[in-house]
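>>> For reference, the sequence and a predicted model appear below.
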Amino acid sequence: MNSPWKRHKGKMVYILAAFVISLSSVLFLTGCISNIDSSSALKAAADFSQESRSQATSEGKLRVSYIDVGQGDSSLIQLPNGKTILIDAGENDQGNKVVSYLKSQGIKRLDVTIWTHPHSDHIGGADVITNAFDIGQVVMPKETSTTQSFRSLITSISRKGLRITEAKAGLNLDLGPEVKAEILAPNSSNYEEVNNYSAVLKLTYIETSFLFMGDAQTESEEEMINAGFDLKADILKVGHHGSRTSTSARFLSLVHPKYAVISAGKDNPYGHPSASTIAKLQKAGATIFRTDQSGTITAESDGKNISIKGR
């Protein structure tokens, strides 16, 4: 089986160090991780097909859809040049819903898929997405899992002959000269809390910027601050569904968003978003949008101004 994993610097071997349910799972998962090189990832990211051009947004606008997937995360980014990014795909039962939404937007190819971390409310539908679309580049942190959701995703990636680019701070995605897309986290290789492995993306289009936090918590936020990243963003995709474990006051003061988007399920059992996070966002002056109240939320940028609305 061809390995789907790849890094940008040097060659090394990733070994899964987790308990698995059966010997066949061990053989499968470990067979998916081996030596890699960066050339194919860069080629995949630079592959700008005619199909991709047909997906271009109108009037030179960048569009972000924060898709309502209940208690989970999924965000579609459509660039003016026709390239597309999908960040996460909700729970297992949300995969077909995300596929339907993407097709309603005329999506035929995803130039980049970012699976932020291996929790099922983020990657549960990722195998369905991978099977349904032409995929250019797959970006994931190297953290693994023994869950069926993770195994199904790895299977779909491997069957399509795709490779995985490791999500880590400093990685820049090649999406054309008009857009800067940089991974700001994770900054460490080992965390006790899986949420802190979350891939964090900052996307800048001319004078406007977007920050997508996955489930990154305050530990990861502090690492981004200490690394000296420019965290200022017009729209903050709030970390961990608005949980109190994310969005510290210090972090929020540096992001200073005009808008904050929270993806959470209506009447979810976790109490997301927390009252303390809502209070911090309000104090920071951010206008708050929530998928549990407004459904899918869309934002458009012409490079200078941003408009945002719920369904």
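Perfect, thanks for sending it.

>>> Any buried residues in stretch 165-173, and which?
Neighbour counts over stretch 165-173 (16 or more other CB atoms under 10 Å) mark 165, 166, 167, 168, 169, 171, 173 as buried. Just so you know, the C-beta spots here come from the backbone N, C-alpha and C atoms, and that holds for glycine as well.

>>> Output the below-cut-off pLDDT ranges for this protein.
Scanning the chain with the threshold set as pLDDT under 70 gives 1-58.

>>> Now do the same contact list for the residue sitting nearest the centre point of it.
If you average the C-alpha coordinates of the chain and look for the closest C-alpha using CA atoms, centre = their mean, you land on residue 87, 3.1 Å from that point. Each residue near residue 87 by CB atoms under 8 Å, 6 or more residues apart in numbering is listed here: 73, 74, 75, 76, 77, 113, 114, 116, 201, 212, 214.

>>> okay, these in TSV with secondary structure, neighbour count and distance to residue 189 next?
Conversion of the contacts of residue 87 to TSV gives the following (DSSP: H, G, I helix; E, B strand; the rest coil; neighbours: other CB atoms under 10 Å; distance: CB to CB, whole Å):
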residue	secondary structure	neighbour count	distance to residue 189
73	coil	30	23
74	coil	30	27
75	strand	25	26
76	strand	21	29
77	strand	26	27
113	strand	25	22
114	strand	29	19
116	coil	28	16
201	strand	27	19
212	strand	29	21
214	coil	31	17
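
>>> Would you mind listing the two of these that lie farthest apart?
In those, the most distant members under the criterion CB to CB are 76 and 214, with 15.2 Å between them.

>>> Which parts of this protein are helices?
Shown for the chain, the helices assigned by DSSP state H span residues 23-31, 39-46, 50-53, 95-104, 120-123, 126-132, 148-159, 218-226, 249-255, 275-283, 291-294.

>>> Pick the most deeply packed of those helices.
Mean neighbour count, computed with mean count of other CB atoms under 10 Å, is highest for helix 120-123 among those, reaching a mean of 24.

>>> right, and the helices of the chain - which one's nearest residue 187?
helix 218-226 (4.0 Å).

>>> Tell me which residues touch the closest residue in space to residue 244 that isn't next to it in sequence, please.
Among residues not flanking residue 244 along the chain, residue 274 sits closest, at 4.1 Å (CB to CB, 6 or more residues apart in numbering). For residue 274, the contacting residues are 242, 243, 244, taking CB under 8 Å, 6+ apart as the criterion.

>>> Okay, the first one and residue 116: tell me how far apart.
Counting by CB to CB, to the nearest Å, the separation of residue 242 from residue 116 is 16 Å.

>>> In this structure residue 253 contacts residue 284, no?
Yes: in this structure, residue 253 is within contact of residue 284 by CB atoms under 8 Å, at 7.2 Å.

>>> where's residue 266 relative to residue 74, distance?
When distances are taken as CB to CB, residue 266 and residue 74 turn out to be 16 Å apart.
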